[in-house]
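**Student:** The sequence and its predicted three-dimensional model are supplied below.
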Amino acid sequence: MVLLRESSTDAPDARTLVTEYFGERADIFPGGAYRTVFPDPAAFVPPGGVFLIADPDAHEDGADGPVGCGGIRRIPDGPLGVRYEVKHLYVRPLGRGRGWGRVLLDALEERARGWGAAELVLDTHHTLEAAGSLYARSGFVPVAPYNDNSNATRWYAKPLQRSDAAG
């Protein structure tokens, strides 16, 4: 089991997780051209966004400290209306395969839906196969690029139905 808590992106544990994520990406990025851009803390303050840290339950074997992170931030509205973008979804190697990435993604989607999002989008790189599989299993579909992220080769979107929508 994993517990989620809100964090500023510049808090020490958040910064450590994002730095690890960037390091992993830079080590295997084709051509060694991975561009690192640390998240602006102001973009992840509710209701404009949120950044979550995943902490394992105290009884989880082998887990010491936070095991993952991820955030959403509001970006310009899209064709469906209010749009949030998933950013920096990362689970440390020790925590992979336990469903914790899905827990983070589901929690971020629920936050976006609660803030009136009509769509959740994200970009990724084709070498992140496990991430691509998670997104597909979570209902994201490929879309045309919505940004100019030089680290991305794939873009995804998921239309959201508000839980309080009457139709």
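**Tutor:** Sure, I can see it.
**Student:** Name the nearest residue to Asn149, sequence neighbours excluded.
**Tutor:** Asp123 (5.0 Å; C-beta to C-beta, 6 or more residues apart in numbering). C-beta coordinates here come from the backbone N, C-alpha and C atoms, glycine included.
**Student:** isn't Gly78 right next to Tyr146, touching?
**Tutor:** Yes - in this structure, Gly78 is within contact of Tyr146 by C-beta atoms under 8 Å, at 7.0 Å.
**Student:** The worst-scoring helix or strand of the chain on mean pLDDT: what's the following helix or strand?
**Tutor:** Across the helices and strands of the chain, mean pLDDT, DSSP states H and E gives its lowest value to helix 12-28, namely a mean of 88. Past helix 12-28, heading to the C-terminal end, the next element that is a helix or strand (DSSP states H and E) is strand 49-56.
**Student:** Which helix or strand lies directly C-terminal to that following strand?
**Tutor:** In the C-terminal direction, the helix or strand that comes right after strand 49-56 (DSSP H and E) is strand 68-78.
**Student:** What helices and strands are in contact with the helix or strand just after that following strand?
**Tutor:** Towards the C-terminus, the helix or strand next in line after strand 68-78, according to DSSP H and E, is strand 81-91. Under the contact criterion of 3 or more C-beta pairs under 8 Å, 6 or more residues apart in numbering; DSSP states H and E, strand 81-91 touches helix 12-28, strand 49-56, strand 68-78, helix 100-114, strand 119-124.
**Student:** Export those as JSON lines, with columns for distance to Leu134 and mean neighbour count.
**Tutor:** Rendered in JSON lines, the data for the helices and strands packed on strand 81-91 read as follows (distance: least, C-beta to C-beta, whole Å; neighbours: other C-beta atoms under 10 Å):
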{"stretch": "helix 12-28", "distance to Leu134": "15", "mean neighbour count": "16"}
{"stretch": "strand 49-56", "distance to Leu134": "14", "mean neighbour count": "22"}
{"stretch": "strand 68-78", "distance to Leu134": "11", "mean neighbour count": "21"}
{"stretch": "helix 100-114", "distance to Leu134": "5", "mean neighbour count": "19"}
{"stretch": "strand 119-124", "distance to Leu134": "10", "mean neighbour count": "22"}
